[in-house]
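Engineer: below is the sequence, then the predicted model.
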Amino acid sequence: MAAILHLDMDAFFASVEQHDEPSLKGKPVIIGHHHRGVVSAASYEARVYGVRSAMPVSEAKRRCPHGVFLPGNRRRYSEVSRVVMATLGRFSPLVEPASIDEAYVDISGCETLFGPPETMARAMKAAIREATGLPCSVGVAPVKFIAKIASDYDKPDGLTIVSPETALDFLGPLPVSKIPGVGKRAEESLARLGIRVVADIRRHEPEFLARHCGKWGLDLYDKAHARGSAVVCTDREAKSVSAENTFEADTADRDILAAWLLKQAERVGRELRQEGLRGRTVTIKLKFNTFKQITRSRTLAEPTASDSAIFETARALLEAEPLPHPLRLIGVGVSQFGEPPRQLALLEPPGKKQARHDAQIDAALDRIRDKFGKAAIMRGRLFEYERKGERKEEDASGGRGPEAPGPPIGRKV
Ligand SMILES: [Mg+2]
């Protein structure tokens, strides 16, 4: 019988800040300081005031004016995340990171080593707290989606065990919105069918659900009957590295947008090189002031971690795109991580020389920034842009303003 454990750090970014700066303990800490950005984490003290992640920062400031608003520090969070994942790896080799602060662990067959699931879950929570100083919540269930619901069930510092025998009873009274994938819209259409809690789903035949909800209805039917995947994929490392910024003022100025892409390409390239990753696909994300959002991707012949390759591809994608409205946000990401760098051939094909030249520039920039800080050096193109007198603030995901582009590297899985 499969046993899946889902672990989720409690108010992760905010908890890291409170841990690193003890004077913040007990205070409402909110990650997200750009007034046009969104909240990326809120401490439990802030949640009392109704502050939630993904809420606009302006709204959070209205609800909790005395809150401590911080820009965030993605690099630090990634560092703690690695400690969390490594700690989980001590219990089972089958660990699937699901996001920066969440993971699934297959604990089937671990009983002989660590005892029953509850004992093991307690030991794991204690080990995480010892390694990071941070609280987390854990759910154990026969399948992944129930384990995820269970870890959320008794937050913070929660521990919820759902056995194969109790799974149906556990799910029955929960609102349908607790099922992963059921969003606001789905919740509303289910409510129109008289379906509000999971047990309501079970009163219908799969054909009825398929007729009203399509293929997704069948998935819902399975989940309502506690059926789902129990497969933990250990190779699901970070699937992309990205950076994005919300602008102080909406813009359609292609020079300004290109300058942002360059700055973001530098952040993404640096993160890739630090992680020893190279990606084949470059994606740009554009959010218009109408809130319509589009992404455009291009896959390269060779995986890259080069600032200029990322930038040139992103710029080409931007140039090919009409801009019917000013943009509110722009971002760039790299995904499809490939094999590590190969040895250079003795006779380099055309283009290779340029690539090596770019790699040398990247390495030099990395060294200078490691030594003197991120603001120590800037490409000429950015410098000219800065000189235009345009002052931009980084978005809530963690920057520190244009002079010192912080580490707001979004890691999406
Ligand atoms: Mg969390």
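Structural biologist: Everything's here; your move.

Engineer: buried sites along stretch 191-202?
Structural biologist: Within stretch 191-202, the residues that count as buried by 16 or more other Cβ atoms under 10 Å are 195, 197, 198, 199, 200, 201. C-beta coordinates here come from the backbone N, C-alpha and C atoms, glycine included.

Engineer: dump these into TSV; add pLDDT, distance to the ion and secondary structure as well.
Structural biologist: Converted to TSV, these look like this (pLDDT from 0 to 100; distance: Cβ to the ion, whole Å; DSSP: H, G, I helix; E, B strand; the rest coil):
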residue	pLDDT	distance to the ion	secondary structure
195	96	28	coil
197	97	25	strand
198	97	23	helix
199	97	27	helix
200	97	28	helix
201	96	27	helix
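
Engineer: wait, which of the residues you listed is closest to residue 323?
Structural biologist: In terms of Cβ to Cβ, no member of the buried residues of stretch 191-202 lies closer to residue 323 than residue 195, at 42.1 Å.

Engineer: for the closest one, what are its contacts?
Structural biologist: Residues in contact with residue 195 (Cβ atoms under 8 Å, 6 or more residues apart in numbering) are 176, 201, 204.

Engineer: and what of residue 26?
Structural biologist: With the criterion set at Cβ under 8 Å, 6+ apart, residue 26 makes contact with residue 45.

Engineer: tell me the secondary structure at it.
Structural biologist: Classification of residue 26 using DSSP: H, G, I helix; E, B strand; the rest coil returns coil.

Engineer: how much space between it and the ion?
Structural biologist: Residue 26 sits at a distance of 20 Å from the ion (criterion: Cβ to the ion, to the nearest Å).

Engineer: with residue 300 instead?
Structural biologist: According to Cβ to the ion, residue 300 and the ion sit 34 Å apart.

Engineer: could you point out which element follows the host helix or strand of that residue?
Structural biologist: Assigned by DSSP states H and E, residue 300 belongs to strand 293-304. The element immediately downstream of strand 293-304 (helix or strand, assigned by DSSP H and E) is helix 307-319.

Engineer: how far away from the center of its chain is the next helix or strand after that following helix?
Structural biologist: Using DSSP H and E, the helix or strand that follows helix 307-319 in sequence is strand 327-337. Taking Cα atoms, centre = their mean, to the nearest Å, one finds the center of strand 327-337 at 13 Å from the center of the full chain.

Engineer: which is the next helix or strand following strand 327-337?
Structural biologist: Beyond strand 327-337 on the C-terminal side, the first helix or strand identified by DSSP H and E is helix 352-372.

Engineer: pull out the buried residues from that following helix.
Structural biologist: Of the residues in helix 352-372, those buried (16+ other Cβ under 10 Å) are 355, 358, 359, 362, 365, 366, 369.

Engineer: which helices and strands does it pack with?
Structural biologist: Other helices and strands packing on helix 352-372, by 3 or more Cβ pairs under 8 Å, 6 or more residues apart in numbering; DSSP states H and E, are helix 254-275, helix 307-319.

Engineer: quick check, pLDDT for residue 399.
Structural biologist: Here the pLDDT value assigned to residue 399 is 33.

Engineer: any chance of TSV for the buried residues of helix 352-372, columns pLDDT and distance to the ion?
Structural biologist: Written out in TSV, the entries for those read as follows (pLDDT from 0 to 100; distance: Cβ to the ion, whole Å):
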residue	pLDDT	distance to the ion
355	75	39
358	81	37
359	80	36
362	83	33
365	81	33
366	82	31
369	79	30
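
Engineer: where does this protein have its least confident helix or strand?
Structural biologist: Least confident helix or strand of the chain, by mean pLDDT, DSSP states H and E, is strand 409-412 with a mean of 41.

Engineer: tell me the SS of residue 134?
Structural biologist: Three-state secondary structure (criterion: three-state DSSP) places residue 134 in coil.

Engineer: if you could redo that for residue 241, that was the one I meant.
Structural biologist: Under the three-state scheme (three-state DSSP), residue 241 adopts strand.

Engineer: begin at 57 from now on, thanks
Structural biologist: Sure thing, new numbering starts at 57, so read that last one as residue 297.

Engineer: quick check: it touching residue 390?
Structural biologist: Yes: counting by Cβ atoms under 8 Å, residue 297 touches residue 390, with 5.5 Å between them.

Engineer: where does this protein dip in pLDDT?
Structural biologist: Under the criterion pLDDT under 70, the flagged ranges of the chain are 57, 291-294, 394-408, 431, 437-469.

Engineer: residues in contact with the closest residue to residue 116 other than its chain neighbours?
Structural biologist: Closest residue to residue 116 apart from its sequence neighbours, by Cβ to Cβ, 6 or more residues apart in numbering: residue 107 at 4.6 Å. Residue 107 is in contact with 84, 86, 95, 98, 116, 119, 120, 123, counting by Cβ under 8 Å, 6+ apart.

Engineer: per-domain residue ranges of this protein.
Structural biologist: Structural domains assigned to the chain are 57-217, 228-280, 296-468, following automatic domain parsing.

Engineer: much appreciated, bye for now.
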